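make a model of this:
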Amino acid sequence: MSLLTPVEAPPSLTDQAVAALRRDILTTRLAPGETLSEAAAAQRLNLGKAPIRAALARLAEEGLVQAVPRRGWVVSLVTIRDIHEVFDLRLLLEPEAARRAAGRVCAEALRRLDAVCAAGYRPEDEESALAFLDANKGFHVAVAELSGNTRLARQVDRLLDESTRMLVLGLRRRDRSGEMAHEHHALIEALALGRAAEAAGIMHEQVTASREMVLAALTAPDAAIAV
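Take a look at the predicted model:
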């Protein structure tokens, strides 16, 4: 290794706990409304209680958990307001990102991501859902980065993290992975050909359809959601 090569410090125990717990919450391994014990989380992650407690405090700042007297911690519910706020912002930002990315796209890179998404989601296979949603997020962030506006791309990245949990819950009731893969293919073509208005329109349709899927799933009688 070169002496000039920077060496990244390993993540702290708290950072490790934050990453693991955030992942479990966003993928609904820890379901909305589920009680979260510091002792149980420490044992499961093979970490001490101190980094778990610090991690939960950070996740509370993100709105993913709540401290409840005499119960410890509870995974936050997904509310109707959450869904509308997240998808309203996605509809404001992502079509504009696609419009700006048109003609600047590396089509081959997006096709590779599209191929991963096209593998689809199998409801009985939790890992396939995670892989699909990771690839879907990567696709949307890549489009936002091609807009040339780094702040826009960062905001899209954060919004996609917030919508992951909603999409996991929605896909369990209605598998849209095939439709989304088709939409990606059409979007790639529009971006590669520099068709800005068409790219923005396809992105708007895709985000709208995802919101409708999530709302339909999470307003079902047995859904873990707060109105």
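
avg pLDDT for stretch 61-70?
For stretch 61-70, mean pLDDT rounds to 88.

sorry, slip of the keys, the one I care about is stretch 142-149.
The model assigns stretch 142-149 a mean pLDDT of 92.

now it - C-alpha only, CSV.
Output of stretch 142-149 as CSV, limited to C-alpha atoms (Å, rounded to 0.1, in the frame of the first residue of the first chain):
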residue,chain,number,x,y,z
ALA,A,142,-27.8,7.6,-10.7
VAL,A,143,-30.4,9.6,-12.8
ALA,A,144,-30.4,12.4,-10.2
GLU,A,145,-26.5,12.5,-10.2
LEU,A,146,-26.6,12.9,-14.0
SER,A,147,-28.7,16.0,-13.6
GLY,A,148,-25.4,17.7,-12.7
ASN,A,149,-26.8,19.1,-9.4
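
would you mind listing the buried residues in that stretch?
142, 143, 144, 145, 146, 147, 149 (16 or more other CB atoms under 10 Å). The C-beta positions use only the backbone N, C-alpha and C, and glycine is treated the same way.

again, but for stretch 57-66
Residues 58, 59, 64, 65 are the ones in stretch 57-66 that count as buried (16+ other CB under 10 Å).

again, but for stretch 162-172
162, 163, 164, 165, 166, 167, 168, 169, 170, 171.

OK, contacts around the second one?
Residue 163 sits next to 86, 87, 90, 210, 214 when contact means CB atoms under 8 Å, 6 or more residues apart in numbering.

residue 210 against residue 167, yeah?
Yes. The pair residue 210 and residue 167 passes the contact test of CB atoms under 8 Å, sitting 6.6 Å apart.

and the helix or strand that contains residue 142, how far from the chain's centre?
Element membership for residue 142 (DSSP states H and E) is helix 126-146. Centroid separation between helix 126-146 and its chain, computed with CA atoms, centre = their mean, to the nearest Å, is 8 Å.

and the nearest residue to residue 145 once chain neighbours are set aside, what's its pLDDT?
The shortest distance from residue 145 to any non-neighbouring residue, by CB to CB, 6 or more residues apart in numbering, is to residue 153 (4.5 Å). Listed pLDDT for residue 153 reads 95.

quick one: residue 153 from residue 144, how far?
With distances taken as CB to CB, to the nearest Å, residue 153 is found 4 Å from residue 144.

identify the contacts common to these two.
Contacts common to residue 153 and residue 144, judged by CB under 8 Å, 6+ apart, are residue 97.

just to revisit the earlier point, residues near the residue nearest to residue 145, how many?
Using other CB atoms under 10 Å, residue 153 has 20 neighbouring residues.

so it sits against residue 138, correct?
No. With contact defined as CB under 8 Å, residue 153 does not count as touching residue 138 (12.0 Å).

show me which helix or strand of the protein is least confident by mean pLDDT.
Comparing helices and strands within the chain by mean pLDDT, DSSP states H and E singles out strand 225-226 as the least confident, with a mean of 50.

so where do the strands sit in the protein?
Here the chain has its strands, by DSSP state E, at 35-36, 65-68, 72-75, 78-79, 225-226.
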